[in-house]
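Trainee: Build me a model from this:
(2 chains)
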Amino acid sequence: MQFRTRAIHVGQDRDAATGAIVPPIHIASTFVQPDASMTAEYDYARTASPTRRNFETTLAGLDNGTRALAFASGMAATHCVSQLLAPGDQIVTGTDIYGGTWRLFNKVLTGHGITVTAVDTCDIDAVARAVTPATKLLWIESPGNPLLSITDIAACTEIAHRHGALLACDNTLATPALSRPLDLGADIVMHSATKYLGGHSDLLGGALVVRDAELGKKLHWMQNATGAVMGPLESFLCARGVKTLELRVRAQSATALELAHWLEAHPRVAKVHYPGLPSHPAHALAARQMEGGFGGLLSFELAGTGGDGDVAAARRVVESTKLFQLAVSLGAVESLIELPAVMSHGSYEPAARRAVGIVDGLIRLSVGLEAFPDLRDDLASALG
Amino acid sequence: MLTTKSHDQAGGQDEPLATAGLGPSTAAVHAGEARQKPGHAIADPIFASSTYTFSDTQSIVDFIEEEHPREEYGRYGNPGERVVERKLAALDGGEMAVLFASGMGALVGLLMAHLNAGEEIIFFDECYHRSREFCRKHLTRFGVGFREVASCDYDAMEAAITPRTKFIVSESPTNPHLSVVDIARFAEIGRRHGVLTLIDATLCTPYNLRPLEAGVDFVLHSATKYLGGHNDLLAGVVVGSKEKLEPVRNLRGIMGGVNSPHNAYLLERGLKTFALRMERHNANGLAVARFLERHPRVEQVFYPGLESHPYHAVAARTMRGYGGLVTFLIKGHEKGADWRETAKVVDSVRIPRIGPSLGGVESLIEQPMVMSYWNYTPAERAAFRIPDNMIRLACGIEDSADLIADLAQALDS
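Mentor: Here you go, the predicted structure:
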């Protein structure tokens, strides 16, 4: 079955008792046991719950994994992966990663004796140099957020595995509709389900997907021990969102590409970051690694040199669009606009943020389902 | 055109985005929603509240005397319900929408609000069997006359109108025959005779056609279908002018068939992808209909997008697409094969589930003779033109190739 058909049907079997085409939302926190052996399929909802498991089954299928785990947020999912490490271990991360991930790694894990090394994962030689025998985890994000860098997932996997490290890929921006890192060798796929999977700006969630059963077992043990699970109502809403995932992502990708081309030709725009543009340094790799679209996120910089003037101009743009609403997050039906330096990536230390190339005047767009001409007209009037 | 963006200024922006002239997907995402929502949330809150409190006695008096627009009690209205009503009104190009607990609730609410004893109502006869049942068995108990004329026979409809006639009603496309009504012509008959016109547009949806623009007084939808779109809620809605719907809203507050805050939110959420889904439903419906038309085991296909369909011309002229519902007949019936032969096809498909309803992301299949007309006599079924070998397939948004491959194996098995 094709992706879209699986997104609707796998893991979402009709209810055997009533025939309900949508499985019931099981809100129970505990499950009554037939005997004291605790061998029933469900016992306590932190360990497993039917509605969460349905969503996990759907997602595992879409990412071509064998097991998915749903979390209370994307950060909870990332945190769970980090708990596989011990003091003395090293994480190598990309430089173009979500600000919250940067904060967890650099401000929390370093306090637990874990070394964090950032490297431009677009430069495979640099990755090869950064990974050492102490490296237990190579964490990449492709496309990266907010600069839409493209990392060669297969090449990074090869380097990680050569050193006995795990390769985890944050697949939030590409979604399984466009890219399936497990097929390229990745060990763990992470999603902020808040974004495209949920897709409607109305839930927080995260997920991990793996192919290796042993790794899945370890992560599930950790999830159960630490407890940051996705609730039943969110699991239902997320599964409902996934049914239109491919439709949404393809429509958003098509509109984002049109906007990227339009912005690139705009006299007030100096630079557009979007992997679908032939001008993107890794366009060819993106075309190979992503199937049928380049996602709904793009960022751009206004013409002029850097500095405060630039920021003020960028601020005026993000504050004067009408359809694009000013908010963090991405991947939903509504288009959003924001300034990463002060909003989505404000949790970076300023110096670290500038070092990775996020200029203060960078504007990030998350393209929703609105029609291209409507969004273009909105940006045109904001850019003046 | 566009309102100004909602910043955190005092007062905020309560007015929804004006979506007239914007694309259908832009309207589906934004129409009817305040730009500045409570708590600055981008998604509307669910007000799971049965009642609404007043700060003091004077506030109640002010509310009653000055009719301050505010909530009072859940049966009269709910903030989330009002949002989805505004969105539905905008999508259909109407002034007002009134939401009900189900499509039948909406039909009953509308008719009870506008009909009086001694008046009568005339339907085009290809109609949902429960609509007919309500009018024939129940409206008549209140002294309201009910008659049917053949669908799309405009002369017969016109001839049937008497001074007692208050309403003329049709579905378009009809279910399950998918006959397409020339809405403008239908509306014109109503105008000329001074009778109210109602189109049940559940099957075409405002994506494919907006009957109010063609001049009818009311549009009704079972929002359970394409509008909700995920087979996970029940809802009905009537859209039209404020003047004609105020009495409907008032009666709803008395009869009590309101929807719930949770459902209203799921409906609003479903509407966000309405344009995307309809595009897929339309594409799947057409692809499946074309496949079936060429299949040797298929005797006839009813689908307005097919050139062979008797109402293709009017459909092509008035509709953007033709929806996801496809009805077809299995060959062999004329040689004495009984309904079980057709049931075998229904039982052999793997992707569509067997069940009533339509318009959701999951495809559904049914044999109308079994699902809806089992308790009717063969003569009655013949009169309703529901042959034993008829299958109704409600295409979801799965891939066309998967649905066609599945139908192929079911027809060949």
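Trainee: Close to chain B: what parts of the stretch 251-384 of chain A are there?
Mentor: Proximity of the stretch 251-384 of chain A to chain B is confined to A:251, A:319-323, A:325-327, A:329, A:332-334, A:336, A:368-371, A:373-374, A:378 under the rule CB under 8 Å from any CB of the partner chain. Where you see a C-beta, it was placed from the backbone N, CA and C, and this is true even at glycine.
Trainee: Backbone dihedrals for residue 326, please?
Mentor: Because you didn't say which chain, this covers chain A. For residue A:326, the backbone dihedrals (degrees, to the nearest 10) come out as phi -80, psi 100.
Trainee: that's the wrong chain, I wanted chain B
Mentor: The phi/psi pair for residue B:326 (degrees, to the nearest 10) is phi -130, psi 130.
Trainee: gap between it and chain A?
Mentor: Per CB to the nearest CB, to the nearest Å, residue B:326 is found 17 Å from chain A.
Trainee: Now for residue 361: which residues touch it?
Mentor: As the question left the chain open, I've gone with chain A. A:301-302, A:306, A:310-311, A:313-314, A:339, A:341 (CB atoms under 8 Å, 6 or more residues apart in numbering or on different chains).
Trainee: sorry, should have said chain B
Mentor: A:8, A:243-244, B:229-231, B:277, B:396-398.
Trainee: want to try JSON lines for these, with pLDDT and distance to residue B:106 as columns?
Mentor: Shown next, in JSON lines, are the contacts of residue B:361 (pLDDT from 0 to 100; distance: CB to CB, whole Å):
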{"residue": "A:8", "pLDDT": "93", "distance to residue B:106": "28"}
{"residue": "A:243", "pLDDT": "97", "distance to residue B:106": "26"}
{"residue": "A:244", "pLDDT": "97", "distance to residue B:106": "25"}
{"residue": "B:229", "pLDDT": "97", "distance to residue B:106": "17"}
{"residue": "B:230", "pLDDT": "96", "distance to residue B:106": "19"}
{"residue": "B:231", "pLDDT": "95", "distance to residue B:106": "19"}
{"residue": "B:277", "pLDDT": "98", "distance to residue B:106": "21"}
{"residue": "B:396", "pLDDT": "98", "distance to residue B:106": "24"}
{"residue": "B:397", "pLDDT": "98", "distance to residue B:106": "25"}
{"residue": "B:398", "pLDDT": "97", "distance to residue B:106": "29"}
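Trainee: Now for those, which sits with the most neighbours around it?
Mentor: residue B:229 (31 neighbours; other CB atoms under 10 Å in any protein chain shown).
Trainee: Around chain A, which positions in the stretch 201-350 of chain B sit nearby?
Mentor: B:230-232, B:269, B:272-273, B:275-277, B:280.
Trainee: if we go to 10 Å?
Mentor: B:229-233, B:262, B:265-266, B:268-277, B:279-280, B:350 (CB under 10 Å from any CB of the partner chain).
Trainee: Counting neighbours, what do you get for residue A:211?
Mentor: 19.
Trainee: residues contacting the one residue in chain B that gets nearest to chain A?
Mentor: When scored by CB to the nearest CB, chain B has residue B:23 as its residue closest to chain A, at 2.8 Å. Applying CB atoms under 10 Å, 6 or more residues apart in numbering or on different chains to residue B:23 gives the contacts A:369-375, B:29, B:275.
Trainee: and which of these is nearest to residue A:267?
Mentor: Among the contacts of residue B:23, residue A:375 lies closest to residue A:267 (CB to CB), at 18.7 Å.
Trainee: And the strands in the chain, which stretches?
Mentor: Using chain A. A:67-71, A:90-93, A:115-118, A:135-141, A:166-170, A:188-192, A:206-210, A:269-273, A:297-302, A:325-326, A:336-338, A:363-366 (DSSP state E).
Trainee: actually chain B
Mentor: Under DSSP E, chain B gives strands at B:96-100, B:120-124, B:145-149, B:165-171, B:196-200, B:218-222, B:236-240, B:298-302, B:325-330, B:353-354, B:364-366, B:390-394.
Trainee: leaving aside the residues next to it on the chain, what's closest to residue B:17?
Mentor: residue B:30 (4.5 Å; CB to CB, 6 or more residues apart in numbering or on different chains).
Trainee: Then residue A:129?
Mentor: Residue A:129 sits nearest to residue A:119 (CB to CB, 6+ apart), 7.8 Å away.
Trainee: contacting residues around the one you found?
Mentor: By CB under 10 Å, 6+ apart, the neighbours of residue A:119 are A:92-95, A:126-131, A:138, A:140.
Trainee: Quickly note the distance from it to residue A:47.
Mentor: To residue A:47, residue A:119 is 37 Å away according to CB to CB, to the nearest Å.
Trainee: got it, and residue A:21?
Mentor: From residue A:21 to residue A:47 the distance is 27 Å (CB to CB).
Trainee: the more surrounded of these two?
Mentor: Taking other CB under 10 Å, residue A:21 and residue A:47 do not tie; residue A:21 has more neighbours (20 against 15).
Trainee: what residues are up against that one?
Mentor: So residue A:21 contacts A:12-15, B:230-232, B:353-355, B:357, B:360-362, B:364 (CB under 10 Å, 6+ apart).
Trainee: Residue 268: neighbouring residues, count only.
Mentor: You didn't pick a chain, so chain A it is. 15.
Trainee: Actually, chain B is the one I wanted.
Mentor: 25.
Trainee: do residue A:78 as well
Mentor: 24.
Trainee: re the thing from before, dump the contacts of residue A:119 to CSV, plus pLDDT and neighbour count.
Mentor: What follows is those, written out as CSV (pLDDT from 0 to 100; neighbours: other CB atoms under 10 Å in any protein chain shown):
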residue, pLDDT, neighbour count
A:92, 98, 28
A:93, 96, 23
A:94, 94, 26
A:95, 91, 21
A:126, 97, 14
A:127, 97, 23
A:128, 97, 15
A:129, 97, 11
A:130, 97, 19
A:131, 96, 21
A:138, 98, 29
A:140, 97, 28
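Trainee: For residue B:309, which non-adjacent residue is spatially closest?
Mentor: That would be residue B:303: by CB to CB, 6+ apart, it lies 6.0 Å from residue B:309.
Trainee: Then residue B:211?
Mentor: residue B:199 (4.2 Å).
Trainee: Could you pull out the helices in the stretch 1-150 of chain B for me?
Mentor: Ranges of helices in the stretch 1-150 of chain B, per DSSP state H, counting those that start in this stretch, are B:24-30, B:57-66, B:79-91, B:103-114, B:129-133.
Trainee: pLDDT weak spots in chain B?
Mentor: Scanning chain B for pLDDT under 70 picks out B:1-13, B:67.
Trainee: And residue A:340, its phi and psi?
Mentor: phi -50, psi -40.
Trainee: residues in contact with residue A:104?
Mentor: Neighbours of residue A:104 in contact, by CB under 10 Å, 6+ apart: A:75, A:78-79, A:82, A:98, A:110, A:116, A:347.
Trainee: Can you add pLDDT and give those back as JSON lines?
Mentor: Supplementary listing: the contacts of residue A:104 in JSON lines, determined by pLDDT from 0 to 100:
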{"residue": "A:75", "pLDDT": "96"}
{"residue": "A:78", "pLDDT": "97"}
{"residue": "A:79", "pLDDT": "96"}
{"residue": "A:82", "pLDDT": "96"}
{"residue": "A:98", "pLDDT": "91"}
{"residue": "A:110", "pLDDT": "94"}
{"residue": "A:116", "pLDDT": "97"}
{"residue": "A:347", "pLDDT": "83"}
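Trainee: wait, which of these is closest to residue A:215?
Mentor: Scanning those for proximity to residue A:215, where the rule is CB to CB, the winner is residue A:82, at 14.2 Å.
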